[in-house]
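S.K.: Okay, sequence plus prediction incoming.
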Amino acid sequence: RIAYVNGRYCAQSEASVNIEDRGYQFGDGIYEVIHIHEGRFVDTDLHLARLARSLREIAIPAPMDDAALLVVLREVVRRNRVHEGIVYMQITRGVARRDHAFPRHVRPALVITARHGAAFPRDLASWAGSAITVPDIRWGRCDVKTVNLLANCLAKQKAREAGCYEAILIDRDGMVTEGSSTTVWAVDAAGVLRTRHLDDHILPGCTRAALTTLLHEAGIGFEERGLTEAEFRAAREIFLTSATSFVKPIVRLDGAPVADGAPGPVTARLFELFARHADGPAHN
Ligand code: PLP
């Protein structure tokens, strides 16, 4: 495998970063993950826009412009011959003597890797999974896609130990925020498709944004209104979205079936819509 590290392509097994990189010492950096489907990036513009926003929000200068970044991203994918998989990019504030305050005159560090993955799932029933709920113990700027993922890792580990795909986070007010690495959607007991509104407590998912556009185009109504834990447990359908989860039905929650324990009709429709979108030509 070939990685891109600060201007150089090298064997990933030999790639390294400085031990005083602020990403390593402070989690002072941001990242993006773009899905590669049939050799093409999915929703590139949305991911690059979010990357730029994340950088802006924590005042890290962009290491290069989008056009140059796209060239490097494509090159990493080409060198790794990834047809189905992901490309990962991480930008940290850079290398400096350890001091909490921002260093001056450092260059941001950029690392890009690509990885083969399973092809886009085509069968909804076999793509269905289960989830647990856990308290959302994260910080106050979850809208920035930082590499500070300890709380997310602890949550995902709990899910793994429970044999589940995802841990869904519940905040102190008893509201569903999002999954440890996914956006949460539900069809509530009244049949209304809902996902939480965007603010600084959740990551603005690119898959969420893409799906939102598809919903508008298809004339399917939905509300950006978070669910209480009780509403969530009474949901008719639950599904997750992310660049690597696509539209993922959740059919068991904390060991109990969601409704009748099978993917519901709204989830099925959106799964089809998103599959067509991912297959389509509207990507870089
Ligand atoms: N929420 C969190 C906390 C995430 O880490 C992710 C993706 O990694 C998402 C939501 C979904 O975002 P996207 O659809 O852009 O992959």
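M.R.: Happy to help now that I have it. Because the structure is predicted, anything quoted here is derived from the model rather than measured.
S.K.: per-residue pLDDT, the residue nearest in space to the middle of the chain?
M.R.: Centroid check for the chain by CA atoms, centre = their mean gives residue 242 as the closest residue, at 4.8 Å. Per-residue pLDDT puts residue 242 at 98.
S.K.: neighbours around the residue nearest to it when sequence neighbours are not counted, how many?
M.R.: Closest residue to residue 242 apart from its sequence neighbours, by CB to CB, 6 or more residues apart in numbering: residue 182 at 4.3 Å. Backbone N, C-alpha and C define where each C-beta goes, glycine included. Other residues lying near residue 182 total 25 when counted by other CB atoms under 10 Å.
S.K.: phi, psi of residue 182?
M.R.: Phi and psi for residue 182, reported as degrees, to the nearest 10, are phi -150, psi 160.
S.K.: ok, so what distance separates residue 39 from the ligand?
M.R.: Distance of residue 39 to the ligand, computed by CB to the nearest ligand atom, to the nearest Å: 19 Å.
S.K.: any idea how far residue 103 is from that residue?
M.R.: 39 Å (CB to CB, to the nearest Å).
S.K.: got it, and residue 225?
M.R.: Taken as CB to CB, the span from residue 225 to residue 103 is 42 Å.
S.K.: Comparing the two, which residue is more hemmed in?
M.R.: Per other CB under 10 Å, whichever of residue 225 and residue 103 has more neighbours is residue 103, with 15 against 12.
S.K.: Checking the more buried one next. Helix, strand or coil?
M.R.: Using DSSP: H, G, I helix; E, B strand; the rest coil, the secondary structure recorded for residue 103 is coil.
S.K.: Verify the stated contact: it with residue 97.
M.R.: Yes: between residue 103 and residue 97 there is a contact under CB atoms under 8 Å: 7.3 Å.
S.K.: Of all residues in the stretch 1-150 of the chain, which one is closest to the ligand?
M.R.: Ranked by CB to the nearest ligand atom, the top residue of the stretch 1-150 of the chain for proximity to the ligand is residue 33, at 5.9 Å.
S.K.: what helix or strand does that residue sit in?
M.R.: Element membership of residue 33, judged by DSSP states H and E, is strand 29-37.
S.K.: Sheet-wise, list the partners of whichever helix or strand comes after that strand with their directions.
M.R.: For strand 29-37, the following helix or strand on the C-terminal side (DSSP H and E) is strand 40-41. Using DSSP bridges, strand 40-41 pairs in its sheet with strand 29-37 (antiparallel).
S.K.: mean confidence for the partner strand?
M.R.: The average pLDDT for strand 29-37 rounds to 97.
S.K.: Please spell out which residues along the helix or strand hosting residue 211 are buried.
M.R.: Per DSSP H and E, residue 211 falls inside helix 206-218. Neighbour-count burial for helix 206-218, counted by 16 or more other CB atoms under 10 Å, picks out 206-211, 215.
S.K.: Report all helices and strands that it contacts.
M.R.: If you count contacts as 3 or more CB pairs under 8 Å, 6 or more residues apart in numbering; DSSP states H and E, helix 206-218 packs onto helix 44-57, strand 237-242, strand 246-253, helix 265-279.
S.K.: Any residues of this protein in contact with the ligand? List them.
M.R.: Residues of the chain lying close to the ligand by CB under 6 Å from any ligand atom are 33, 178, 181-183, 203, 205-208, 241-243.
S.K.: Out of those, which two sit at the greatest distance?
M.R.: 33 and 178 (15.2 Å; CB to CB).
S.K.: Between the two, tell me which one has more neighbours.
M.R.: Taking other CB under 10 Å, residue 33 and residue 178 do not tie; residue 178 has more neighbours (28 against 17).
S.K.: contacting residues around the more buried one?
M.R.: Neighbouring residues of residue 178 by CB atoms under 8 Å, 6 or more residues apart in numbering: 142, 168-169, 184, 196, 202-203, 205.
S.K.: Out of the residues you listed, which is nearest to residue 91?
M.R.: Minimum distance to residue 91 across the contacts of residue 178 is 16.2 Å, recorded for residue 203 (CB to CB).
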